[in-house]
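Trainee: got a sequence here, can you model it:
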Amino acid sequence: MADLEDRELFLKAVNDPSLIAYKPEPISKRRRSKKRIQKDYEASLDLHGMTADRAIARVKVFLLSCLELQKRRVLIIHGKGSGVLRYEVRGFLGNSDLVAQVQDAPTRLGGEGAVLVLLRAATTGHI
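Mentor: This is a model prediction of the structure:
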């Protein structure tokens with residue numbers, strides 16, 4: 001019975017397009033949220049699964065690349081795990097001349113498993 005009603009409605013709509021109501025779907029909350037999150041950082045690096053030495057080497061290259069591309073707000077994801085990467089990466093960032101500020105990432109960006117980094121303005125001495 002429902003199939004017959006649907007078919008009749010379809011045929012009426014085909015014959016008279018004014019019966020078709022178009023209502024665009026609103027942008028989902030998830031989509032709006034992603035736009036807001038992207039404003040928090042301009043580039044990101046995920047260090048999951050790396051050894052501490054390899055992670056530090058990657059962070060150095062990443063930071064220099066970001067400075068070259070004039071991206072000053074970056075997200076570095078080290079994960080929670082045993083805490084070794086967290087300790088090593090945050091220690092490196094805290095002592096780096098390239099870094100102006102380091103802060104814990106908000107929960108929506110990884111919380112304790114990530115850091116937001118503000119890089120110093122690029123100078124010829126760093127690159």
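
Trainee: which residues touch the longest helix anywhere in the chain?
Mentor: When every helix of the chain is counted residue by residue (DSSP state H), the longest turns out to be helix 52-68. By CB atoms under 8 Å, 6 or more residues apart in numbering, the list of residues contacting helix 52-68 from outside reads 42-43, 45, 47, 50, 72, 74, 76, 78, 84-85, 88-89, 92-93, 96, 98-99, 117, 119, 122, 126-127. For every residue, glycine as well, the C-beta is placed using N, CA and C.

Trainee: average model confidence for that helix?
Mentor: Averaged across helix 52-68, pLDDT comes to 94.

Trainee: how about the next helix or strand after that helix, which residues are buried there?
Mentor: On the C-terminal side of helix 52-68, the closest following helix or strand by DSSP states H and E is strand 73-77. Along strand 73-77, the positions that meet the burial threshold by neighbour count (16 or more other CB atoms under 10 Å) are 74-77.

Trainee: now pLDDT and distance to residue 54 too, for the residues you listed, in TSV please.
Mentor: Rendered in TSV, the data for these read as follows (pLDDT from 0 to 100; distance: CB to CB, whole Å):
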residue	pLDDT	distance to residue 54
74	95	18
75	95	19
76	95	14
77	94	15
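
Trainee: show me where this structure has helices.
Mentor: With DSSP H, the ranges of helices along the chain come out as 2-15, 29-40, 52-68, 84-95.

Trainee: picking up where we left off before, restricted to buried residues, select the contacts of helix 52-68 in PyMOL.
Mentor: Entered in PyMOL, the line below selects the buried ones among those, by 16+ other CB under 10 Å:
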select buried, resi 43+45+47+50+72+74+76+78+85+88+89+92+93+96+98+99+117+119+122
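
Trainee: residues contacting residue 72?
Mentor: For residue 72, counting by CB under 8 Å, 6+ apart, the contacting residues are 42, 66, 118-119, 121.

Trainee: hang on, the earlier thing: could you export the buried residues of strand 73-77 as TSV, including distance to residue 8?
Mentor: As requested, these are arranged in TSV below (distance: CB to CB, whole Å):
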residue	distance to residue 8
74	58
75	54
76	59
77	55
